[in-house]
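*Asks:* sequence first, predicted coordinates after that:
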Amino acid sequence: MKRYLFCTAILVALIKGEGFSQNLELNCTQKLRTARATYEQGRLHEMRTLLEGCLKSGFTETEKVEAYRLLVLTYIYLEEPEQADAAMINLLSTDHFFEINEAVDPVEFKSLYKKFRTKPVFSYGAKFGVNTNQVNVIENHYIWAAAKGKGTYKSNAGINGTLLFEKNLKENLIINPEIMYSGSSFIYSNSDISTSDDQQSNDRAEFTITQSRLLLNLLVQYKFSKGKLDKTLSPYIAIGPSIGYLMNSSFGGDLTVGNQITIPNIPTKENYKTLTYAVTAAAGIKYKVGAFYLTADVRYVRGLVNVVKEDNRYKPTITNELLWNYGYVDNDFNLSQTMVNIGLIVPYFNPKKLIK
């Protein structure tokens, strides 16, 4: 019986608490209606007392924005500039994307708004995506003089991961440095490796080269303005240099010279340059969702330098296993990539008065 009474008391308390919360919300909504009427009637000295309690607890975010707007106007007309500034800071902190209504807002309100920093100080975010690789051969190299088949390269899919930073230089111009992890993989195939004159020879090579790099992309974005559409949808283009740092490289695959030989993964980092250079060009779009942006881009990274260490090509201490055991030597090539990325961008706001 005691347990039943205890459970009943808790249930009643919960119902009353929910009812109290609903009544508080209802009362605050009614207070906002009253505040609108009070402001229209010019009873400005009553506004602070009327709104203060619900601003602390009770208003929804949309109601808070309207209440702070009314307070800004109230303090402007009461000639209390410090209070008007404080209310404007609260307004912009509540709704970071608040914008004036040129057709409705009074001139004094618009003038005060324009004295504040209302744009993001900077933005940060992350992207993830996939890539394909384009191997651009600069010069072919061979081990056996009689085997002159140049071979072909075919890309495997790779993955990207990016941390990004954005800061507006001007309304449409944004600096956009990035740190990107890029994994690349491509297949080298050559069906003309035989040194004999036998036209029916099945000798062939198919090797997979897998590499990972850390890229520093120093991009500059240009954002296209679309009027009202610009508030939610922002297309842009970007371009800039990229510096690549080789983290890992490995080699494996199959070689058929009479019999098929499976080659286990062999580390080959020393065969390639640690730093490489490229130019990145991108086209993307940002879509505003609540307090952040979803983003997607397509980009092309054009390699500018030979990634192979020419001086190490035939050094036995580095390439002995590939060179003598499997008959492979790197061609000179640069590596380009086509990428598709999606991600999330979070703007950081810090509203403050810029003009006294």
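*Replies:* Happy to help now that I have it.
*Asks:* what are the buried residues along stretch 307-314?
*Replies:* Buried residues in stretch 307-314, counted by 16 or more other CB atoms under 10 Å: 307-309, 313. From N, CA and C alone the C-beta is placed, and that goes for glycine too.
*Asks:* and what of stretch 55-71?
*Replies:* Applying 16+ other CB under 10 Å to stretch 55-71 flags 55, 58-59, 63-71 as buried.
*Asks:* of the buried residues of stretch 307-314, which is the nearest to residue 297?
*Replies:* Nearest to residue 297 among these is residue 307, at 24.2 Å by CB to CB.
*Asks:* that closest one and residue 330, how far apart?
*Replies:* Distance check for residue 307 against residue 330: by CB to CB, to the nearest Å, it reads 9 Å.
*Asks:* quick revisit: turn the buried residues of stretch 55-71 into TSV, columns for secondary structure, pLDDT and distance to residue 156.
*Replies:* Below are the buried residues of stretch 55-71 laid out as TSV (DSSP: H, G, I helix; E, B strand; the rest coil; pLDDT from 0 to 100; distance: CB to CB, whole Å):
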residue	secondary structure	pLDDT	distance to residue 156
55	helix	92	58
58	coil	86	58
59	coil	92	55
63	helix	93	55
64	helix	94	53
65	helix	95	51
66	helix	95	56
67	helix	95	58
68	helix	96	55
69	helix	96	56
70	helix	95	61
71	helix	95	61
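*Asks:* which one of those residues sits closest to residue 189?
*Replies:* For the buried residues of stretch 55-71, the nearest to residue 189 is residue 65 (62.6 Å; CB to CB).
*Asks:* how about the closest one, what does it touch?
*Replies:* Applying CB atoms under 8 Å, 6 or more residues apart in numbering, we find residue 65 in contact with 91, 94-95, 98.
*Asks:* which residues of the protein score low on pLDDT?
*Replies:* 1-26, 143-149, 193-201, 226-231, 258, 316-321, 323-325 (pLDDT under 70).
*Asks:* ok, 80 please
*Replies:* Applying pLDDT under 80 to the chain flags residues 1-26, 142-150, 191-204, 225-231, 255-263, 313-328, 356.
*Asks:* which other helices and strands contact the top strand by length along it?
*Replies:* Assignment by DSSP state E gives strand 233-257 as the longest strand of the chain. Helices and strands touching strand 233-257, by 3 or more CB pairs under 8 Å, 6 or more residues apart in numbering; DSSP states H and E, are strand 173-190, strand 204-223, strand 259-267, strand 275-289, strand 292-303.
*Asks:* mind listing what's buried along it?
*Replies:* For strand 233-257, by 16+ other CB under 10 Å, it's 234-236, 238, 240, 242, 244, 246, 249-251, 253, 255-257.
*Asks:* can you tell me which of those is closest to residue 189?
*Replies:* residue 253 (9.2 Å).
*Asks:* could you list the paired strands of the host helix or strand of residue 128 along with their orientation?
*Replies:* Assessed by DSSP states H and E, residue 128 sits inside strand 122-139. Strand 122-139 has the following sheet partners, assigned by DSSP bridges: strand 158-168 (antiparallel), strand 332-348 (antiparallel).
*Asks:* okay, the helices and strands packed on strand 233-257 in TSV with mean neighbour count and distance to residue 151 next?
*Replies:* TSV is the format used below for those (neighbours: other CB atoms under 10 Å; distance: least, CB to CB, whole Å):
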stretch	mean neighbour count	distance to residue 151
strand 173-190	18	3
strand 204-223	19	7
strand 259-267	11	16
strand 275-289	17	22
strand 292-303	18	19
